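K.L.:
Sequence below, structure please.
(one chain, ligands or ions: 1)
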Amino acid sequence: MTEFYITENFPKSQIEFEKRFATEKACFDYLFKVKWPEGFVCPKCGHQSYWISAKHIYICTRCESHISLTADTIMHDTKKPITYWFKAMWWFTTRKSGVNAVNLKDLLGLGSYSTAWTWLQKLRRCTIRNGREKLSGIVEVDDFFLGGQKPGKRGRGAQGKTIVLAAVEKRRRRLGRIRLQVAHNCSSDSLMPFIEDNIQAGSHIITDGWKGYNPIEGENFSHQKVNWTKSADKASVLPGVHLVASLVKRLMLGTFQGRFEPKYLQSYLDEYVFRFNRRKSKSVGKKFMRMVQQIVASIKITQEKVIQCEIPECLLAN
Ligand SMILES: [Zn+2]
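P.N.:
Reported below is the predicted structural model:
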């Protein structure tokens, strides 16, 4: 029953979504079923019967605990109807390139651009699943620069540039899943935690000859170093990670004209990874359901943690 609910219960099309989530009650019922697939269980006393207040608060009939399905989630204290959030989640997860703040503002008739922008920041925070499986098999790892005018130099850092670490699974000639992370530098102190957090022990890791990758050999990985020169450039020796880096650079150019504030970059990279790793998924609604599950299960996301209506300057002109 639980398994069925988790794997099958999502709208298969836009029309089905619109029919199914037209009312607040329908949205709350869905959150309820995602949170308690086997039925209500009071988190305080374990009792299984409840009544619902007019404001969709679930009240345990034994200990009278009040449980809100939106408290401590990205919808905490929202003034907007929950149907708006469901629509935002649907568009965010099911449109190929997502939705930008201007579109979201117009689609929902939100009062301000900053509300739409903050909603998107919150949704991006829910794209990373807790306990997601690490990359495995053959994995290319590299670092690249975003932003800035001049090409960067690894050892010395680069003015005005942001370093991004990338790991890309190789599946014969195809690419598997990816991970992207903003880093302060390219030393092994940055590279090794990224590798250990994101790649399964026993995997075969391919990097270039940068000294920061040397400690890989002492860990539970096999390590292959490839050298690139002018005649054999990076695109030919690390094709997977090179392709992903160029796609991300193109995205950043398209979205920000290459100018962005580094503190917002990770959330955009998270969204990119979310879309990339689900690019072959045939059912659009499944991505929506995953996001609802992630939101319901997410640990407390406080207002302070979400970057509030602070719109990056580079976006103000758009
Ligand atoms: Zn109780």
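
K.L.:
Next, the buried residues of the longest helix anywhere in the chain.
P.N.:
Longest helix of the chain, by residue count under DSSP state H: helix 239-256. Across helix 239-256, burial judged by 16 or more other CB atoms under 10 Å covers Gly240, Val241, His242, Val244, Ala245, Val248, Lys249, Leu251, Met252, Phe256. Heads up, the C-betas are built off the backbone N, CA and C, glycines and all.

K.L.:
Could you give the number of residues near the nearest residue to the fifth one once chain neighbours are set aside?
P.N.:
Nearest residue to Ala245, sequence neighbours excluded (CB to CB, 6 or more residues apart in numbering): Phe144, at 4.3 Å. Taking other CB atoms under 10 Å as the neighbour definition, Phe144 ends up with a count of 21.

K.L.:
could you dump the longest helix of the chain to CSV, C-alpha only?
P.N.:
Extracted as CSV, the C-alpha positions of helix 239-256 are listed here (Å, rounded to 0.1, in the frame of the first residue of the first chain):
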residue,chain,number,x,y,z
PRO,A,239,34.6,14.7,-22.2
GLY,A,240,31.8,14.2,-19.7
VAL,A,241,32.7,16.8,-17.2
HIS,A,242,33.8,19.2,-20.0
LEU,A,243,30.3,18.9,-21.5
VAL,A,244,28.5,19.5,-18.2
ALA,A,245,30.8,22.5,-17.5
SER,A,246,29.9,24.0,-20.9
LEU,A,247,26.2,23.5,-20.4
VAL,A,248,26.3,25.2,-17.0
LYS,A,249,28.3,28.1,-18.4
ARG,A,250,25.8,28.5,-21.2
LEU,A,251,22.9,28.4,-18.6
MET,A,252,24.6,31.1,-16.5
LEU,A,253,25.1,33.2,-19.5
GLY,A,254,21.5,32.9,-20.6
THR,A,255,20.1,33.5,-17.1
PHE,A,256,22.4,36.2,-15.8
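
K.L.:
center of the protein, which residue is that?
P.N.:
Note on the chain: the residue nearest the mean C-alpha position is Thr127, at 2.8 Å, using CA atoms, centre = their mean.

K.L.:
any idea how far it lies from Arg250?
P.N.:
The gap separating Thr127 from Arg250 is 20 Å, by CB to CB, to the nearest Å.

K.L.:
Pretty sure Gly254 is one of the things Phe260 touches, is it not?
P.N.:
No - look at Phe260 against Gly254 with CB atoms under 8 Å: they stay out of range, at 11.6 Å.

K.L.:
where exactly do the helices run in this structure?
P.N.:
2-8, 14-20, 24-35, 82-94, 101-108, 113-125, 188-198, 234-237, 239-256, 262-277, 284-297, 313-316.

K.L.:
and the angle for the third one with helix 82-94?
P.N.:
For helix 24-35 and helix 82-94, the angle between their directions (axes from the mean of the first three to the mean of the last three CA atoms, to 10 degrees) works out to 60 degrees.

K.L.:
which residues are in contact with helix 24-35?
P.N.:
Residues from elsewhere that reach helix 24-35, judged by CB atoms under 8 Å, 6 or more residues apart in numbering: 5, 9, 20-21, 40, 56, 58, 69-70, 81-83, 85-86, 289, 292-293, 296.

K.L.:
if you set the cut-off to 6 Å instead, what comes out?
P.N.:
Residues outside helix 24-35 that contact it (CB atoms under 6 Å, 6 or more residues apart in numbering): Phe21, His56, Leu69, Pro81, Ile82, Thr83, Phe86, Val292, Gln293, Val296.

K.L.:
Stretch 50-63 too?
P.N.:
Contacts of stretch 50-63 (CB under 6 Å, 6+ apart): Phe28, Phe40, Cys42, Lys44, Cys45, His47, Ser49, His66, Ile67, Ser68.

K.L.:
Do it and the ion come into contact?
P.N.:
Yes - Stretch 50-63 is in contact with the ion by CB under 5 Å from the ion, via Cys60, Arg62, Cys63.

K.L.:
Which of the residues you listed fall within strands?
P.N.:
Among the residues of stretch 50-63 next to the ion, the ones falling in strands (DSSP state E) are Cys60.

K.L.:
So which of the residues of stretch 50-63 next to the ion wins on neighbours?
P.N.:
Cys60 (21 neighbours).

K.L.:
Identify the residue nearest that residue in space, chain neighbours excluded?
P.N.:
Cys42 (3.9 Å).

K.L.:
got it, and Ile138?
P.N.:
Lys170 (4.2 Å).

K.L.:
Okay, and the beta partners of the one you found?
P.N.:
Ile138, Leu175 (DSSP bridges).

K.L.:
Check Val164 too.
P.N.:
Phe144, Val182.

K.L.:
coming back round to it: could you measure the residue nearest to Ala245 against Leu238, distance?
P.N.:
10 Å.

K.L.:
And Arg177, by the same measure?
P.N.:
17 Å.

K.L.:
again with Gly39
P.N.:
51 Å.

K.L.:
Likewise for Lys122?
P.N.:
For Lys122, the distance to Leu238 equals 34 Å [CB to CB].

K.L.:
ok, Arg177 and Leu238, which is more surrounded?
P.N.:
Legend: neighbour count by other CB under 10 Å for Arg177 and Leu238, higher for Leu238 (23 against 20).
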